[in-house]
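>>> Quick one, structure for this:
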Amino acid sequence: QVQLVESGGGLVQTGGSLRLSCAASGRTFSRYAMGWFRQAPGKEREFVAAISWSGGSTYYADSVKDRFTISRDNARNTVFLQMNSLKPEDTAYYYCAAGNLLAIAEASYAYWGQGTQVTVSS
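Model (predicted):
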């Protein structure tokens, strides 16, 4: 069992930056691939970024590539999402998730956090 708690969301202007954190409980954190997903009002949840258990492989959605960076610190049981050059269309509730495989599909992730709101003003 893994419990995930996101933090770092907030209100930022267009072009600004935020860093989201996801703290995991349990001693098996380093065994899991981690993903970030987001859901905007009235839209389905979508994949943002994912990182392998070792941190050696990463995936990004095309919409965030070159602006967002996912990383992890297994010693601190934490995964990060550094978000730069934020746009109003990045406004959403952001969730982190843990799964056995590095993947972009929601179904591949068994554990989910409660999410954190990111709002980008124009």
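>>> residue boundaries of the strands in this structure?
Along the chain, counting by DSSP state E, strands occupy 4-7, 10-13, 18-24, 33-39, 46-51, 58-60, 68-73, 78-83, 92-99, 109-112, 116-121.
>>> from the chain's centre, how far out does the second one sit?
For strand 10-13, the gap between its own C-alpha mean and the chain's C-alpha mean amounts to 17 Å (CA atoms, centre = their mean, to the nearest Å).
>>> got a list of what residue 111 touches?
Contact analysis of residue 111 by CB atoms under 8 Å, 6 or more residues apart in numbering lists 1, 2, 3, 4, 32, 97, 98, 99. Every C-beta, even on glycine, is put in place using the N, C-alpha and C of the backbone.
>>> Surely the fifth one touches residue 97?
No - using CB atoms under 8 Å, residue 32 and residue 97 do not qualify as a contacting pair, with a distance of 9.1 Å.
>>> Can you tell me which residue sits nearest the middle of the chain?
Centroid check for the chain by CA atoms, centre = their mean gives residue 36 as the closest residue, at 2.5 Å.
>>> thinking again about what came up before, take the strands of the chain and write them to JSON lines, including mean pLDDT.
Converted to JSON lines, the strands of the chain look like this (pLDDT from 0 to 100):
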{"stretch": "strand 4-7", "mean pLDDT": "98"}
{"stretch": "strand 10-13", "mean pLDDT": "98"}
{"stretch": "strand 18-24", "mean pLDDT": "98"}
{"stretch": "strand 33-39", "mean pLDDT": "98"}
{"stretch": "strand 46-51", "mean pLDDT": "98"}
{"stretch": "strand 58-60", "mean pLDDT": "98"}
{"stretch": "strand 68-73", "mean pLDDT": "98"}
{"stretch": "strand 78-83", "mean pLDDT": "98"}
{"stretch": "strand 92-99", "mean pLDDT": "98"}
{"stretch": "strand 109-112", "mean pLDDT": "96"}
{"stretch": "strand 116-121", "mean pLDDT": "98"}
